[in-house]
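[1] Pasting the sequence and the predicted model now:
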Amino acid sequence: MTNNDDDRDGRSATARGYVLATRVTSIGMQMAIPPAIGWWADSKFNTGPWLLILGAAFGFTVSMLELVRLAKDSEESDK
């Protein structure tokens, strides 16, 4: 086994894989939790689908920003 993969940032491939899996999981949670909170708030305050829609838009925006950051970090680590 060669150490070529370990030379980039001092971490093993498994460690980098865990970091990537954690980031992808957090993106999924960023997309799921705000609409769930909006749905709960709609049922509590009887506001119809508006808080659900707001939560979905917020979750989508935050997750897209995180995806862009993830792609930028991946691009920089390839150099």
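    Received it, and whenever you're ready, just let me know what you need. Small disclaimer: the values here were computed from a predicted structure and weren't measured. Numbers count the residues shown, from 1 in each chain.
[2] Please read off the pLDDT at the residue minimising distance to the centre of the chain from the model.
    The centroid of the chain falls nearest to Ile27 when counting by Cα atoms, centre = their mean (1.7 Å). As predicted, Ile27 sits at a pLDDT of 94.
[3] what helix or strand does it sit in?
    helix 13-45 (DSSP states H and E).
[4] Centre of the chain to that helix, how far?
    6 Å (Cα atoms, centre = their mean, to the nearest Å).
[5] tell me the SS of Arg11?
    Three-state assignment for Arg11 (DSSP: H, G, I helix; E, B strand; the rest coil): coil.
[6] hang on, Trp50 packs against Asp42?
    Yes. With contacts counted by Cβ atoms under 8 Å, Trp50 reaches Asp42, the gap being 7.0 Å. Backbone N, C-alpha and C define where each C-beta goes, glycine included.
[7] So for the two, which sits in the more crowded spot?
    Between Trp50 and Asp42, Asp42 has the larger neighbour count (other Cβ atoms under 10 Å), namely 18 against 12.
[8] ok, now how distant is the more buried one from Thr25?
    Using Cβ to Cβ, to the nearest Å, Asp42 is found at 26 Å from Thr25.
[9] what do you get for Ser77?
    19 Å.
[10] follow-up on the earlier one: next up, the contacts around the residue nearest to the centre of the chain.
    Going by Cβ atoms under 8 Å, 6 or more residues apart in numbering, Ile27 touches 63, 66-67, 70.
[11] Just give me the closest of those residues to Leu20.
    Nearest to Leu20 among the contacts of Ile27: Leu70, at 8.2 Å, using Cβ to Cβ.
[12] what about the closest one, how many neighbours?
    15.
[13] Verify the stated contact: it with Arg23.
    Yes. Counting by Cβ under 8 Å, Arg23 is a contact partner of Leu70 at 5.8 Å.
[14] anything in contact with each of those two?
    Counting by Cβ under 8 Å, 6+ apart, nothing touches both Leu70 and Arg23.
[15] Would you point out the helix or strand in the protein whose mean pLDDT is lowest?
    helix 50-78 (a mean of 91; mean pLDDT, DSSP states H and E).
[16] Show me what it is packed against.
    For helix 50-78, the elements it packs on are helix 13-45, judged by 3 or more Cβ pairs under 8 Å, 6 or more residues apart in numbering; DSSP states H and E.
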